[in-house]
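**Student:** sequence plus predicted model, see below.
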Amino acid sequence: MAVDKLDTRILRLLLEQPRTSVREYARLLGVARGTLQARLDRLERDGVITGTAPSLSPAALGHPVLAFVHIEVTQGHLDDVGDALAAVPEIMEAFSITGGGDLLTRVVARDNAHLEDVIQTLISLPGVVRTRTEVALRERVPHRVLPLVESIGRAAAK
């Protein structure tokens with residue numbers, strides 16, 4: 001999907017001012033409301049914009065411990081284990097991976113004891129052979145998309 005300079009400006013506003021109205025975005029960008037709405041619709045249809053939900057902090061919700069758990073799965077059980085992970089509320093994300101292990105999960109917990117309980121839950125899932133856990137000490141680069149959007153916008157302008 002081609003993202004042009006206007007799309008880049010729209011995406012920047014959505015990321016920086018997510019609670020602004022479409023009318024205000026159009027005013028700030030100096031485009032017609034209909035033009036902006038058509039662009040937003042296309043960006044959603046093409047899967048560039050995937051949601052409008054607020055970003056929530058697990059730490060502020062009482063789960064400040066963040067860990068990455070690598071899961072090795074018995075051959076042929078990857079889908080079953082993946083489905084079972086969806087039932088564990090402390091699993092924020094899970095990815096099939098190459099390298100050491102079959103799945104990589106991002107897990108949050110209230111404290112280290114709770115993390116151990118979550119890991120024990122994961123180990124007990126049918127098809128899980130072993131896990132390896134790495135605890136995050138400090139976030140160095142928060143989740144972000146804007147630098148990528150700006151880079152794509154610069155390339156589109158050339």
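**Tutor:** It's in.
**Student:** could you list the low-pLDDT ranges of the chain?
**Tutor:** Applying pLDDT under 70 to the chain flags residues 1.
**Student:** show me where it has strands.
**Tutor:** 65-73, 91-96, 103-109, 128-135 (DSSP state E).
**Student:** export those to CSV and append columns for mean neighbour count and distance to Arg19.
**Tutor:** Backbone N, C-alpha and C define where each C-beta goes, glycine included. Listed next are those as CSV, based on neighbours: other CB atoms under 10 Å; distance: least, CB to CB, whole Å:
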stretch, mean neighbour count, distance to Arg19
strand 65-73, 19, 27
strand 91-96, 14, 24
strand 103-109, 21, 25
strand 128-135, 15, 34
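**Student:** just give the nearest non-adjacent residue to the residue of the chain most remote from its centre, would you?
**Tutor:** The centre of the chain is farthest from one residue, Ala32, which by CA atoms, centre = their mean lies 31.4 Å away. Excluding its sequence neighbours, the residue lying closest to Ala32 (CB to CB, 6 or more residues apart in numbering) is Ala26, at 6.4 Å.
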